[in-house]
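Visitor: give me the fold of what follows.
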Amino acid sequence: MPIFMCRWPNGDFSVVNAASKTDAIYLLDEVGNGEGCPVKVLKRDFMVHFTLADDGEIELELFGQLLDEEIMEFGYPLLSKALRETYEFDDHNHSEEANQARENVRQAVLKERERVTARESKQPRTLIGQRLKKEIDAPTSKIDQIVESVAKEALKKLTRKGKTH
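Guide: Predicted coordinates:
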């Protein structure tokens, strides 16, 4: 099953394992409506490492190198370029060049948070679905599925009187 990455407009990203892009967007609804956001299949090896902190929390420690490169290329091209320019400087280097490179990273982060905007998404098939989408901002596929499920249940409860042709 493919692994999808969703780049959120605020600069965050999510990774989800799903059978299809539609299923990925459905699962991403736990975070937000990813319908108009850039979503892609991660093609490189997927490796993440977590640590168990002393307070019992599980924390992300690192991404595998190939995954990290793919995430940066797709989700953060401006930041990726700025970070490459800082590699030659360590944290103890306070030269004008090093400070400027670190400032460029900070500026790239700000630009990345503004660079992505959600595209307009497809509307649900029914008027009820369209109203529901405005209220709960869920993906259209999820709204259509809910409306269809409720309609099927309502139809099952209908009793027909008289002859049917």
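
Visitor: just the mean pLDDT for stretch 47-66, thanks.
Guide: Average pLDDT, stretch 47-66: 96.

Visitor: how about residues contacting that stretch?
Guide: Contacts to stretch 47-66, defined as CB atoms under 8 Å, 6 or more residues apart in numbering, come from residues 44-46, 67-68, 71. For glycine as for every other residue, the C-beta is placed from the backbone atoms N, C-alpha and C.

Visitor: buried stuff in the helix of greatest length in the chain?
Guide: Criterion DSSP state H: the longest helix present in the chain is helix 96-115. By neighbour count on 16 or more other CB atoms under 10 Å, the buried set for helix 96-115 is 98, 101-102, 104, 108, 112, 115.

Visitor: following that helix, which helix or strand comes up?
Guide: Next in sequence after helix 96-115, counting helices and strands by DSSP states H and E, comes helix 127-136.

Visitor: residues contacting that following helix, please?
Guide: Helix 127-136 is contacted from outside by 123-124, 138, 140, 143-144, 146-147, using CB under 8 Å, 6+ apart.

Visitor: show me the helices in the chain, by range?
Guide: In the chain, helices defined by DSSP H lie at 21-28, 65-75, 77-84, 96-115, 127-136, 140-157, listed in chain order.

Visitor: out of those, which one sits most buried?
Guide: helix 21-28 (a mean of 19; mean count of other CB atoms under 10 Å).

Visitor: mind saving the C-alpha coords of it as PDB?
Guide: What follows is helix 21-28, C-alpha atoms only, in PDB (Å, rounded to 0.1, in the frame of the first residue of the first chain):
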ATOM      1  CA  LYS A  21      -5.200   9.300  -2.700                       C
ATOM      2  CA  THR A  22      -8.900   9.500  -2.000                       C
ATOM      3  CA  ASP A  23      -8.400   7.100   1.000                       C
ATOM      4  CA  ALA A  24      -5.400   9.200   2.100                       C
ATOM      5  CA  ILE A  25      -7.400  12.400   2.100                       C
ATOM      6  CA  TYR A  26     -10.200  10.500   4.000                       C
ATOM      7  CA  LEU A  27      -7.700   9.500   6.700                       C
ATOM      8  CA  LEU A  28      -6.000  12.900   6.800                       C
END
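
Visitor: now it, how far from the chain's geometric center?
Guide: Mean-position distance between helix 21-28 and its chain equals 9 Å (CA atoms, centre = their mean, to the nearest Å).

Visitor: which strands or helices does it pack on?
Guide: Applying 3 or more CB pairs under 8 Å, 6 or more residues apart in numbering; DSSP states H and E, one finds that helix 21-28 contacts strand 3-7, strand 13-17, strand 39-41, helix 140-157.
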